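> With the sequence up front, the predicted model follows.
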Amino acid sequence: MRIKFDLFPGGVSKALTTSWDDGRTYDRKLVEILNQHGLKGSFHLNSGFFGNEGYISGDEVAALYEGHEISAHTRTHPFLSMTPREGIADEILTDRKALEAIAGYPVRGMSYPFGNYSDAVLSVLPALGIEYSRTVKSHGSFSLPDNLLAWHPTCHHRDMLALGKQFLEEKPRFSHMQMLYVWGHSYEFNDNDNWQELEQFAAMMGGHDDIWYATNIEIVDYLSALQGLRFSASQEMVYNPSAVEVWVSVGGEVRQIPGGATVRLG
């Protein structure tokens, strides 16, 4: 029996996620464009800057990012590799507490301020409740992350149109799962006067039945649930201990495994 971990929710093989830093006021327009086309984003916020000139206020966070993910970016945006462990803990935990009070759910992800991190920083994150953190090291491919604590994106939004077109046209090789991950800052669209590129990208990428539109943490939870499946020795039965519904291929057929369920695959 040939079982493959090659499907996202709904039995599709492609996923699209976006990621935006800093919580600037231009997020308002960015979110509006994403919402119009059904795209999802993770918004990495510095709670210490709420209400400052050019930044969103804490009062608007919950409503503005509804349907997206509120994620950490540290309280005051320091270079973490130059910060003592105690300072790293304070920056992240203080940010998490402030964001969680607004979001109403645990904040479990982040992105690195300035894209700056080190092995020492990575080693601290699990103890601070961080399950993933995005870098700024774009790889230009549609591969899944090797290390969620150093999650490299596909591209900065300056390259999203070309790679988005390629993503739509490319057929998954060997039934591999493919993910397009775009990151950036909303203020860059204002500074470069190129909002039309975001509008074009969102219109091009939205509304496809064969793409799963997800936040960063939704992808983390799905991949964790997929890897957490428990198979019988014969592989004819599988138990899903998570609350997340997952899909796998069995002999080329799509099989759905509900959360908490044991399914016979034979």
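Good, I have the coordinates. Residues are numbered from 1 along each chain as shown.
> contacting residues around the residue most central in space within the chain?
Note on the chain: the residue nearest the mean C-alpha position is residue 216, at 1.4 Å, using Cα atoms, centre = their mean. Contacts here follow Cβ atoms under 8 Å, 6 or more residues apart in numbering; on that basis residue 216 touches 17, 19, 42, 69, 71, 109, 132, 134, 151. Using the backbone N, CA and C atoms, a C-beta is placed for each residue, glycine as well.
> Next up, the contacts around the fifth one.
By Cβ under 8 Å, 6+ apart, the contact set of residue 71 is 42, 43, 44, 45, 99, 107, 109, 110, 111, 216, 217.
> all helices of the stretch 1-150 of the chain, in order?
Counting by DSSP state H, counting those that start in this stretch, the stretch 1-150 of the chain has helices at residues 27-37, 61-64, 85-103, 119-124.
> sorry, back to before: next one: phi and psi at the residue nearest to the centre of the chain?
phi -60, psi -50 (degrees, to the nearest 10).
> Which residue comes closest to it once chain neighbours are left out?
Leaving aside its sequence neighbours, residue 216 sits nearest to residue 42 (Cβ to Cβ, 6 or more residues apart in numbering; 4.0 Å).
> cool, and residue 74?
In space, residue 74 comes closest to residue 91 once its chain neighbours are excluded; the distance is 4.1 Å by Cβ to Cβ, 6+ apart.
> Ok, residue 133 next?
For residue 133, ignoring the flanking residues on the chain, the nearest one in space by Cβ to Cβ, 6+ apart is residue 110 at 4.9 Å.
> what pairs with that neighbour across the strands?
Under DSSP bridges, the beta-bridge partners of residue 110 are residue 72, residue 133.
> What count of nearby residues applies to it?
Residues near residue 110, counting by other Cβ atoms under 10 Å, number 30.
> That one reaches residue 44, doesn't it?
Yes. Under the contact definition of Cβ atoms under 8 Å, residue 110 touches residue 44, with a separation of 6.0 Å.
> and for the two, which residues touch both?
With contacts defined as Cβ under 8 Å, 6+ apart, the residues adjacent to both residue 110 and residue 44 are 71, 72, 73, 134.
> Now the two most distant members of these.
72 and 134 (10.8 Å; Cβ to Cβ).
> low pLDDT regions in the protein?
Counting by pLDDT under 70, the chain contains low-confidence ranges at 172-175.
> all strands of it, in order?
For the chain, the strands defined by DSSP state E cover 3-4, 14-21, 41-45, 69-72, 109-111, 132-134, 155-156, 178-184, 211-213, 230-231, 237-239, 246-250, 253-257, 262-264.
> Dump these to a markdown table, plus distance to residue 203.
Conversion of these to a markdown table gives the following (distance: least, Cβ to Cβ, whole Å):
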| stretch | distance to residue 203 |
| --- | --- |
| strand 3-4 | 33 |
| strand 14-21 | 13 |
| strand 41-45 | 16 |
| strand 69-72 | 22 |
| strand 109-111 | 26 |
| strand 132-134 | 25 |
| strand 155-156 | 18 |
| strand 178-184 | 14 |
| strand 211-213 | 14 |
| strand 230-231 | 42 |
| strand 237-239 | 39 |
| strand 246-250 | 28 |
| strand 253-257 | 29 |
| strand 262-264 | 38 |
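> and residue 199, how far is that from residue 130?
Residue 199 sits 33 Å away from residue 130, taking Cβ to Cβ, to the nearest Å as the criterion.
> Which of these two has more residues huddled nearby?
Under the criterion of other Cβ under 10 Å, the comparison of residue 199 against residue 130 puts residue 130 first, with 21 against 15.
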